[in-house]
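Student: kindly return the folded structure for what I paste below:
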Amino acid sequence: MEQSTPVVVATTKEAEIILPPPSALNPVPSLPAALRIDNEEQLVSLLKTDPFLSNKPTGNSSFRQLLVFGTESLRTLLMRQVLSDPHTRTFKGKKKNWDANNSFPLPRGLSLVGTRVLSSGGSTEGIRTSLDATMDGAEVSLKGQSSWEQDIQNVEVVTYFLRASDLSQTQTVMSRVKAWKKTTRIHHRIVYIPQPTALVHKMLNTSGLGTAPNASIHKMQLDLFPLETDLLSLEYDDAMREAEVEGTPSTLISTVARSILKLQDVVGPIPRIQSLGPLGEEVVRKLLNLTVDEYLASKSQEEMTPGPVAGGDVAALLVMDRKVDMVTPMTTPLTYEGLLDEVVGIDCGFITVDVSTINPEDDEAEKKQANASDNEMVALGINGSDTLVAEVRDQHVEKFGTFLRNQAIALRESHHNFTSQGKKRDLSEIHQFVKQIPVFTKNYRTLTNHIHLAELVKAFSEETTFRERWQTERSMIEGDICYDTLEDLVACQYPPYRFFRLLCLQSLCAGGIKSSRYDAIRRDVVQTYG
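Tutor: Model (predicted):
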């Protein structure tokens, strides 16, 4: 961890990758790089595998395929976090400082017709566009809608990416495949991330899809996604539901344990592993079992001579169960990034907002032109590779506005000091200034985006309902009983998601809710929200 020279990691994809030295925000540089490369190679290899040629990978995919995702979040995760690196994203155009919500940079060699997102009702929503072989590597803008019948004419393979925990996704795909014309020569490739469960296999076999000649079932072990250099995420949305509602989170425990094994493959054995909480203990127990199984599989009986565990880049690992602290996620955040997630919603490291939010039009003619394409949604990456985001993300709600204003003043003054007419500049100073123009332009665009976003967040935090909710949360944490406030919120048809957070917070802080009060609140909730 004290290394001061760049690290070189050899991979099968590239001969070598030069990594920066370890730092506080990037403690193990080889880890996010290795995970990102491994995830991308797995996905690209799958997309290049021709199901009509004995499922063998080909150099370039000669077949045209449509990608269908179980949720919009899964599409964002695989297209933006796996197929491309958002930390190296550059915006094209003089004024454009955003990505269209449905535009994704695609690697070369993939003949993709487009993408779709399954909807809960069995139909689909999402977008499609045609992609010629000569356009490989370009950014595909997915605008407009088309029917599945139109897609049939353009594709030979339909690849579905699903989560096994959401059975409705599997049911939707089953009904869609059955409705497809059998005369059409199309292969349906169903991919589960990270793996299908026994219940999913039973559903597929019962419907006949598991043994159908025009369908194949796959799993893709994408366990860890490096959203930041110091933040790895499973993006396991149903973790708490499986643990609390279903009661047997075996898939969750296996997935987390396997991801820790993958982490140790990169950083080396972790000599000290501790757990905190019941689920944390289950994960460590499963991890030790997997470790022993791997050891027994790799060693013969004669070679089994256990020795001391050699340490790697990580000295210790603490597996902490979310149930150790359930109060924190029920409270309203007061930092810039937390409020941005509360107002807009951060999904897989990206936020999606209306283009008018970050690019308000001042001129009437520009407003009319903007109205021609109403409600264009754009995507912005929120990650620590942006120095401004790294500095402002943890700023308190009362401070981040002043911080951004000072940044704008400093940026304007640095530009004004050089361009002022009263000073003469030599060639070396001019050359240095010209070299800094791209950096200046990027910083200016990023700062402009976050100033507009901060205005949106600030307006939300200054609302009376926000202040009242924050005061109610504070009272609950300090031990007060706020049943009357909860009943008033239901009567006012308060947003249900925020109301249930307050109800859970009251239960956690008061050691539960009295049965009489609970029955009254439950009756009011059913009558108000249905």
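
Student: nearest spatial neighbour of residue 254, chain-adjacent residues omitted?
Tutor: Once flanking residues are discounted, residue 254 sits nearest to residue 286: 6.3 Å by CB to CB, 6 or more residues apart in numbering. Where C-beta positions appear, they are placed from N, C-alpha and C, glycine not excepted.

Student: per-residue pLDDT, the residue lying closest to residue 219 once chain neighbours are set aside?
Tutor: Counting by CB to CB, 6+ apart, residue 219 lies nearest to residue 195, which is 4.1 Å off, once chain neighbours are set aside. pLDDT for residue 195: 86.

Student: pretty sure residue 195 is in a strand, no?
Tutor: No - counting by DSSP: H, G, I helix; E, B strand; the rest coil, residue 195 is not found in a strand; it is coil.

Student: what sits against the residue positioned nearest the centre of the chain?
Tutor: What sits nearest the mean C-alpha location of the chain, by CA atoms, centre = their mean, is residue 348, with 1.5 Å. When contacts are counted by CB atoms under 8 Å, 6 or more residues apart in numbering, residue 348 touches 73, 76-77, 80-81, 225, 227, 235.

Student: for residue 235, same thing?
Tutor: Going by CB under 8 Å, 6+ apart, residue 235 touches 73, 77, 225, 348.

Student: three-state assignment of it?
Tutor: Secondary structure state of residue 235, per three-state DSSP, is coil.

Student: let me know the pLDDT of it.
Tutor: Predicted confidence (pLDDT) for residue 235: 89.

Student: how near is it to residue 186?
Tutor: 29 Å (CB to CB, to the nearest Å).

Student: before we move on, the earlier item: what count of nearby residues applies to the residue nearest to residue 254?
Tutor: 19 (other CB atoms under 10 Å).

Student: on contacts alone, who are the packing partners of the helix or strand hosting it?
Tutor: Element membership for residue 286 (DSSP states H and E) is helix 278-298. On a contact count with 3 or more CB pairs under 8 Å, 6 or more residues apart in numbering; DSSP states H and E, helix 278-298 meets helix 250-267, strand 272-276, strand 316-320.

Student: so what does the first one touch, helix or strand wise?
Tutor: Helices and strands in packing contact with helix 250-267 are listed as helix 30-48, helix 278-298, strand 316-320; criterion 3+ CB pairs under 8 Å, 6+ apart.

Student: which parts of it are buried?
Tutor: Neighbour-count burial for helix 250-267 flags 251-260, 262-264, 266-267 (criterion: 16 or more other CB atoms under 10 Å).

Student: list of residues touching that helix?
Tutor: 28, 30-31, 34-35, 164-165, 194-195, 197, 221, 223-224, 232, 234, 236, 239, 242-243, 270, 279, 282-284, 286-287, 290-291, 294, 312-314, 317, 319.

Student: hey, which helix or strand in this structure has the poorest pLDDT?
Tutor: strand 124-125 (a mean of 37; mean pLDDT, DSSP states H and E).

Student: end to end on stretch 345-354, go ahead and measure it.
Tutor: Across stretch 345-354, the terminal residues are separated by 13 Å (CA to CA, to the nearest Å).

Student: any idea how far it is from the chain center?
Tutor: What separates the centre of stretch 345-354 from the centre of its chain is 9 Å, taken as CA atoms, centre = their mean, to the nearest Å.

Student: now do that stretch, average pLDDT.
Tutor: For stretch 345-354, the per-residue pLDDT averages 90.

Student: start at 653 instead
Tutor: Fine by me, first position is 653 from now on; the one you just mentioned is stretch 997-1006.

Student: from residue 1120, how far off is residue 1146?
Tutor: The spacing between residue 1146 and residue 1120, counted by CB to CB, is 10 Å.

Student: still on that earlier bit, please, a ChimeraX command that selects the buried ones among the contacts of helix 902-919?
Tutor: Buried residues within those, by 16+ other CB under 10 Å, are selected in ChimeraX with:
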select :680,682,683,686,687,816,817,846,847,875,876,884,888,891,894,895,922,931,934,935,936,938,939,943,964,965,966,969,971
